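[1] I need the structure of the sequence given here:
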Amino acid sequence: MRGSDFAELMGFLAVAEERSFRRAAQRLAMSPSALSHSIRSLEQRLGTRLLNRTTRSVAPTVAGQALFDRLRPAIAEMDGAVRDVGAFQTQPSGTVRLNTPRIAARLVVMPKLAAFRTAHPGVRLDLVIDDAMTDVVAKGFDAGIRSGTLVHQDMTAVRLTADLRMAVVGSPAYFAAHPPPKVPGDLQDHVCLTYRWQDTGALYRWHFEGPDGAMDITVENILTVNDTDLLLEAALQGLGLAFQPESFVAASLARGELVRVLDEWCKPFSGFHLYYPRRPHMPAALRAFIDFVKLPR
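    So this is what the prediction gives:
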């Protein structure tokens, strides 16, 4: 295969994954026009249309999807083989691409980042903040961070934190105008702020456990966002109640900016884990990062 043929296939994969010429071009460090020309050249060479294009969207055709399904695992295997060569380096170097939700980046990565850079100056970190359940293999990440309950069983997982708990919080100003809920069912009478998963559009479930077992509450919301920082800011402004990890709101609770309710109904669940696909040889840079951030035994 010629180098130009390989470049065309990589361009097609990027567009099919991103569903956008602009985002794919940014990912490949090339112009959208050059990428569009490359895709047209590939389609002409294969004699079939691979992508349906409109002014607003891009999606694979039936032929394009078939090619994508065959190419993606092959390219992932080739990429892994090249990166695994780094496992034989004495001094870790190179780039670790990490997909992590905003809360985990704040609680786990950022507090240790300066010390990690001092210990391993040859390692570069590429952190992508992503609260959705992204396929880290398909998107070319070395690893991801999620709650242990969300990690697929075919991944290797390394615990980064102790178990987590959620917290229902509101500002003192909010509770001055609303009586605190005593049981989860009381939330139906409150103004709530909810998180929406970007990839599925589903609302994050407010999960509680009590004497009669577990329950998920559907709350009436006045604000729905897909950013945890905005939810916290809205709660601080007194707009309503938010359902957030307690470690994320601990400082605000300590300063009296937020008040916690329904504490006894929020039970622990599996903490943050770093996860990555199983492979015979791990890149030295990724191993160095894991050893630095994992929870001590």
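[2] Residue 243: helix or strand, and which one exactly?
    Assigned by DSSP states H and E, residue 243 belongs to strand 241-245.
[3] Report all helices and strands that that strand contacts.
    Here strand 241-245 touches strand 166-170, strand 192-195, helix 228-236, going by 3 or more C-beta pairs under 8 Å, 6 or more residues apart in numbering; DSSP states H and E. Any C-beta I mention is one placed from the backbone N, CA and C, and that applies to glycine too.
[4] what does it rub up against?
    Strand 241-245 has contacts (C-beta atoms under 8 Å, 6 or more residues apart in numbering) with 103, 164-170, 174, 181, 187, 190-195, 204, 206, 219, 228, 231-232, 234-235, 249, 261.
[5] just the buried members of those?
    Buried subset of the contacts of strand 241-245 (neighbour count, 16 or more other C-beta atoms under 10 Å): 103, 164, 166-170, 174, 181, 187, 190-195, 204, 206, 219, 228, 231-232, 234-235, 249, 261.
[6] contacting residues around the residue lying closest to residue 169 once chain neighbours are set aside?
    Nearest residue to residue 169, sequence neighbours excluded (C-beta to C-beta, 6 or more residues apart in numbering): residue 258, at 4.3 Å. For residue 258, the contact set (C-beta under 8 Å, 6+ apart) comprises 169, 170, 171, 235, 236, 249, 252.
[7] next one: residue 5
    residue 45.
[8] buried sites along whatever helix or strand it lives in?
    Using DSSP H and E, residue 5 sits within helix 3-18. Using 16+ other C-beta under 10 Å as the test for burial, helix 3-18 gives 8, 9, 11, 12, 13, 14, 15, 16, 17, 18.
[9] how much space between the third one and residue 145?
    Going from residue 11 to residue 145 by C-beta to C-beta, to the nearest Å gives 29 Å.
[10] And the second one, by the same measure?
    Distance, residue 9 to residue 145, by C-beta to C-beta: 30 Å.
[11] Could you identify the longest helix within this protein?
    helix 62-84 (DSSP state H).
[12] Could you look up the next helix or strand downstream of it?
    strand 94-100.
[13] where does the stretch 151-297 of the chain have low pLDDT?
    199-200, 280, 297 (pLDDT under 70).
[14] so what's residue 65 closest to, chain neighbours aside?
    Residue 65's closest residue in space is residue 16 (C-beta to C-beta, 6+ apart), at 7.9 Å.
[15] do residue 19 as well
    Distances taken as C-beta to C-beta, 6+ apart place residue 58 nearest to residue 19, at 5.3 Å, with adjacent residues excluded.
[16] so the one you found touches residue 22, yeah?
    No: using C-beta atoms under 8 Å, residue 58 is not in contact with residue 22, being 9.7 Å away.
[17] what about the two, which has more around it?
    Neighbours were counted for residue 58 and for residue 22 using other C-beta atoms under 10 Å; residue 58 has more, 19 against 13.
[18] which residues touch that one?
    Per C-beta under 8 Å, 6+ apart, neighbours of residue 58: 15, 19, 20, 21, 51, 52.
[19] Beta-bridge partners for it, please?
    residue 53 (DSSP bridges).
[20] and residue 260, helix, strand or coil?
    strand (DSSP: H, G, I helix; E, B strand; the rest coil).
[21] now it: how far from residue 64?
    51 Å.
[22] which one of those two has more residues nearby?
    residue 64 (22 against 16).
[23] Please look at that one and residue 53 and confirm they touch.
    No: at 11.0 Å, residue 64 does not count as touching residue 53 under the criterion of C-beta under 8 Å.
[24] if we can go back for a sec, residue 158: which of the buried residues of helix 3-18 is nearest?
    Using C-beta to C-beta, residue 17 comes nearest to residue 158 of the buried residues of helix 3-18, at 26.2 Å.
[25] close enough to count as contact, the closest one and residue 139?
    Yes: contact criterion C-beta under 8 Å: residue 17 and residue 139 qualify, at 6.8 Å.
[26] show me where the stretch 101-250 of the chain has strands.
    Counting by DSSP state E, counting those that start in this stretch, the stretch 101-250 of the chain has strands at residues 123-129, 143-147, 155-159, 166-170, 192-195, 206-210, 213-217, 221-225, 241-245.
[27] My read is that residue 174 contacts residue 238, right?
    Yes: at 4.6 Å, residue 174 and residue 238 qualify as touching, with contact defined as C-beta under 8 Å.
[28] quick one on the thing from earlier: let's have the contacts of residue 258 in CSV, adding distance to residue 43.
    Below are the contacts of residue 258 laid out as CSV (distance: C-beta to C-beta, whole Å):
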residue, distance to residue 43
169, 53
170, 55
171, 56
235, 50
236, 52
249, 51
252, 54
